[in-house]
Structure formats: C-alpha cells, structure tokens
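**Student:** build the 3D model from these lines:
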Amino acid sequence: MKCYNHHDRDAFGICTVCGKGLCLECMNNQNAVITCNDKSCIGKLNRTKLWKTFLYIVLVALILLLIFD
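**Tutor:** This is a model prediction of the structure:
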C-alpha cells in the first residue's frame, strides 16, 4: 500500500478514522492512535474520545446509584 498523499512512498500506517494509507511523514500518532493530519479526522477522533469518556462516567454513576440505592 502506498501513502495517500505521497504516491511514491510506502504506507506504514492507516488512519483509524478515514482508512487512508500513511507514510511516516503523514502520520499523526496521538496516544497510540494513528490518524492522518487532516483536521476533520483529528476532530472526529477527539469527539469520539469525549463521548466515550462521558458514557463511562454515566455508566459508573448508574452503577453506583443501583448499588447504594
């Protein structure tokens, strides 16, 4: 697989949001999650992390309410 942006380079990773093949220069590695440098992919990843964190907090709160009610 070749890099989406640099067609003469081999891809070393795949964006977890959009699925594009990326060379080392194009990879954005945040917290062991590979994304491309496209701002929309980085934004989608951040929103996903925010929603997961919110859902975990709600889940823990509901469990605590059930236990101590």
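
**Student:** can you pull the contacts of Lys2?
**Tutor:** 8-11, 21 (CB atoms under 8 Å, 6 or more residues apart in numbering). Where you see a C-beta, it was placed from the backbone N, CA and C, and this is true even at glycine.

**Student:** please redo it, this time with the cut-off set to 6 Å
**Tutor:** Applying CB atoms under 6 Å, 6 or more residues apart in numbering, we find Lys2 in contact with Ala11.

**Student:** do you know how far it is from Val17?
**Tutor:** As judged by CB to CB, to the nearest Å, Lys2 and Val17 stand 19 Å apart.

**Student:** partners of the helix or strand of the chain at the bottom of the mean pLDDT ranking in the sheet?
**Tutor:** When each helix and strand of the chain is scored by mean pLDDT, DSSP states H and E, strand 27-30 comes last, with a mean of 82. Taking DSSP bridges as the criterion, strand 27-30 forms sheet pairs with strand 33-36 (antiparallel).

**Student:** if you average pLDDT over the partner strand, what comes out?
**Tutor:** The average pLDDT for strand 33-36 rounds to 87.

**Student:** residues of whichever helix or strand comes after that strand that come out buried?
**Tutor:** Once strand 33-36 ends, the next helix or strand along the chain (criterion: DSSP states H and E) is helix 39-68. By neighbour count on 16 or more other CB atoms under 10 Å, the buried set for helix 39-68 is 41-42, 45.

**Student:** which member of the residues you listed is positioned nearest Val58?
**Tutor:** Of all the buried residues of helix 39-68, Leu45 has the smallest distance to Val58: 20.7 Å, by CB to CB.

**Student:** give me the pLDDT for the most centrally placed residue in the chain.
**Tutor:** Centrality entry for the chain: nearest residue to the mean C-alpha point is Leu45, 3.9 Å, by CA atoms, centre = their mean. Predicted confidence (pLDDT) for Leu45: 84.

**Student:** I am finished for the moment; much appreciated.
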